[in-house]
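Colleague: I'd like to go over a predicted model; first the sequence, then the structure.
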Amino acid sequence: MKSAFIFSALTGLRFSDVQALTWEKINYDDLNGYSIIYTQKKTKGAENLPVPEQAIKMLGDRKNEKDLVFDGLEYGADKNKMLANWVKKAGITKHITFHCARHSFATLQLTMGTDIYTVSKLLGHKNLKTTEIYGHVISKTKIEAASKIPALSF
């Protein structure tokens, strides 16, 4: 569960897509690096998601192409409790669910300067309005943007 949660935070994948991920969907080429080619469970949209190398490295040795990457990953109250205990041990007091990993991915991307259109595409959103819910979290970025205006002399 912990590895799947961190993988989701690094890629933005939903739980259902992490759960269904097989090794054959993870690709590599010298020009573009790692990517996951998959069909989203929720929207049925075909996606080609670039994936950071650190997310791939945490998966360990590649297994058979048809094998699930996170074999045995299930969602349920007991798994949420496991996640809550892990988060509590990390000193985090906020209520955390698996979906928070996806939110963290989006918020981190926006905070690091990725434009909202690109974040929308990374999340596989069909509509930019869906991604805009993450925009309110980024007040630091708004402050930095406001401070970029040069001083005027009167």
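Modeller: Happy to help now that I have it.
Colleague: Can you list the low-confidence ranges for this structure?
Modeller: 135-143, 154 (pLDDT under 70).
Colleague: try 50
Modeller: Residues of the chain meeting the criterion pLDDT under 50: none.
Colleague: And the helices in it?
Modeller: 2-11, 15-20, 53-57, 77-89, 99-111, 116-123, 128-131, 139-146 (DSSP state H).
Colleague: Redo those helices as CSV? Include distance to Asp29 and mean neighbour count.
Modeller: Bear in mind the C-beta positions are built from the backbone N, C-alpha and C, glycine included. Formatted as CSV, the helices of the chain follow (distance: least, C-beta to C-beta, whole Å; neighbours: other C-beta atoms under 10 Å):
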stretch, distance to Asp29, mean neighbour count
helix 2-11, 18, 19
helix 15-20, 21, 19
helix 53-57, 13, 14
helix 77-89, 34, 13
helix 99-111, 23, 18
helix 116-123, 19, 17
helix 128-131, 27, 13
helix 139-146, 32, 10
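Colleague: Leu31: which of the ones you listed is closest?
Modeller: helix 53-57 (14.2 Å; C-beta to C-beta).
Colleague: ok, residues contacting the closest one?
Modeller: Identification of contacts with helix 53-57 by C-beta atoms under 8 Å, 6 or more residues apart in numbering yields Phe7, Leu10, Thr11, Ile26, Tyr28, Gly33, Tyr34.
Colleague: Dump the helices of the chain to TSV, plus distance to Ser153.
Modeller: Converted to TSV, those look like this (distance: least, C-beta to C-beta, whole Å):
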stretch	distance to Ser153
helix 2-11	46
helix 15-20	54
helix 53-57	47
helix 77-89	51
helix 99-111	33
helix 116-123	34
helix 128-131	38
helix 139-146	19
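Colleague: Gln40 is nearest to which of the ones you listed?
Modeller: helix 15-20 (6.1 Å).
Colleague: Which neighbouring elements make contact with that closest one?
Modeller: helix 2-11 (3 or more C-beta pairs under 8 Å, 6 or more residues apart in numbering; DSSP states H and E).
Colleague: if we look at the helix it packs on, which residues are touching it?
Modeller: Helix 2-11 is contacted from outside by 13-15, 18-19, 36, 49, 51-52, 54-55, 58-59, 70, 73, 83, 86, 98, 101-102, 104-105, 108, using C-beta under 8 Å, 6+ apart.
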